[in-house]
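Novice: here is my input, please return the structure:
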Amino acid sequence: MKYFLIILTLLFSHTAYANHHEEKIIIERAGKGSEMFNLGKELYQANCASCHQPNLSGQVGWKEKVDADGHRLAPPLNGTGHTWHHNDKTLFYITKYGLAKLVPKYEGKMMGFGDKLNDQEIKSVLAYIKSFWSNEYYNYQMKLN
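Specialist: From the prediction side, this is the model:
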């Protein structure tokens, strides 16, 4: 019984420590014309626009269609898709590591960009994307954080 209590105490201590030290990621949208907006736009156009489109509209038929390889199409990021349904930490990790890392059976081509972009650059891209969302969607999404 004594050892059980010690193990139980250690487990709770570790969980409390991990939760307390878990990184919180909050990304505010970039003001149009700001340095962050311009950097995010440049990086988005170079790394994301080929799939999500230059105007962030996503691929036509993204909800119901798949590509020739059977993979899901890229959704819009401009507020007409589901991006704003996710908190910043999820968006950051999807962008950095790819969707397959978070959803093992994911059938899409969203790869991670952690090997191409540093953390601040990823945050700049996300701040740029958020600048296209309505105030309603932006405020809703920020509450998820």
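Novice: test my guess that Ala30 contacts Ser124.
Specialist: Yes. Under the criterion of C-beta atoms under 8 Å, Ala30 makes contact with Ser124 at 7.2 Å. Backbone N, C-alpha and C define where each C-beta goes, glycine included.
Novice: name the residues contacting each of these two.
Specialist: Met36, Gly40 (C-beta atoms under 8 Å, 6 or more residues apart in numbering).
Novice: contacts only, for the residue nearest the centre of the chain.
Specialist: Taking C-alpha atoms, centre = their mean, the centroid of the chain lies closest to Leu91, which sits 1.2 Å from it. With contact set as C-beta under 8 Å, 6+ apart, Leu91 has these partners: Ile27, Thr83, Leu126.
Novice: ok, 6 Å please
Specialist: Taking C-beta atoms under 6 Å, 6 or more residues apart in numbering as the contact definition, Leu91 lies against Leu126.
Novice: now the helix or strand where it lies: buried residues?
Specialist: Assigned by DSSP states H and E, Leu91 falls within helix 88-97. Buried residues in helix 88-97, defined by neighbour count with 16 or more other C-beta atoms under 10 Å: Asp88, Lys89, Leu91, Phe92, Tyr93, Ile94, Thr95, Lys96.
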